[in-house]
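Enquirer: here are the coordinates; sequence isn't available:
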């Protein structure tokens, strides 16, 4: 799933493209979880309001299940694998499988898919994705 060229970064979610997806890289944590790549449909700001409402109405266990269900509906693909016998195979994207993830990985996926947090810098992408965002006081001059 990893790509060599960074996809164009938009400051908005196109609403006229029903297939709009984003990619994110999640850096591995030694002795905790492997690096992962995910592709997902973004959660729009109006939908985030529904998640916040659910947070107010549901107990913690049910809200965690709700977030996992939400993420399962928005994830398009991931690189997470499960061991079956001696073979590693792709783990299906389901709410139940999302709830089986280690807490650190679950938190990252939920943060990215549900709350709009960014992923980590993909090591396979060399392009600078911060163009136009690094102005410093030293670069600004009075005329």
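Expert: Alright, I've got the coordinates. Predicted, not measured: the structure shown is a model, and the values here were computed from it.

Enquirer: Tell me which other helices or strands the one helix or strand residue 108 maps to touches.
Expert: In the assignment (DSSP states H and E), residue 108 maps to helix 103-115. Judged by 3 or more CB pairs under 8 Å, 6 or more residues apart in numbering; DSSP states H and E, helix 103-115 is in contact with strand 22-26, strand 36-40, helix 45-57, helix 60-74, strand 75-78, helix 95-100. In this view, the C-beta of every residue, glycine as well, is placed from N, C-alpha and C.

Enquirer: how about a cut-off of 6 Å?
Expert: helix 60-74 (3 or more CB pairs under 6 Å, 6 or more residues apart in numbering; DSSP states H and E).

Enquirer: Which residues does the helix it packs on contact?
Expert: 40-41, 54-55, 93-95, 98-99, 109-110, 113-114 (CB atoms under 6 Å, 6 or more residues apart in numbering).

Enquirer: let's see it at 8 Å
Expert: Helix 60-74 has contacts (CB atoms under 8 Å, 6 or more residues apart in numbering) with 40-43, 51, 54-55, 58, 93-99, 106, 109-110, 113-114.

Enquirer: Now, of those, which are buried?
Expert: 40, 41, 42, 43, 51, 93, 98, 106, 109, 110, 113, 114 (16 or more other CB atoms under 10 Å).

Enquirer: Just put those residues in TSV and tack on pLDDT and distance to residue 74.
Expert: As requested, the buried ones among the contacts of helix 60-74 are exported to TSV (pLDDT from 0 to 100; distance: CB to CB, whole Å):
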residue	pLDDT	distance to residue 74
40	95	5
41	92	5
42	90	8
43	91	6
51	96	11
93	98	10
98	98	11
106	98	14
109	98	10
110	98	10
113	97	5
114	96	8
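
Enquirer: can you list these in a markdown table and add distance to residue 125?
Expert: Output for the buried ones among the contacts of helix 60-74, formatted as a markdown table (distance: CB to CB, whole Å):
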| residue | distance to residue 125 |
| --- | --- |
| 40 | 17 |
| 41 | 21 |
| 42 | 19 |
| 43 | 23 |
| 51 | 29 |
| 93 | 23 |
| 98 | 25 |
| 106 | 25 |
| 109 | 20 |
| 110 | 23 |
| 113 | 20 |
| 114 | 24 |
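
Enquirer: Tell me the one among those nearest to residue 26.
Expert: residue 109 (7.2 Å; CB to CB).
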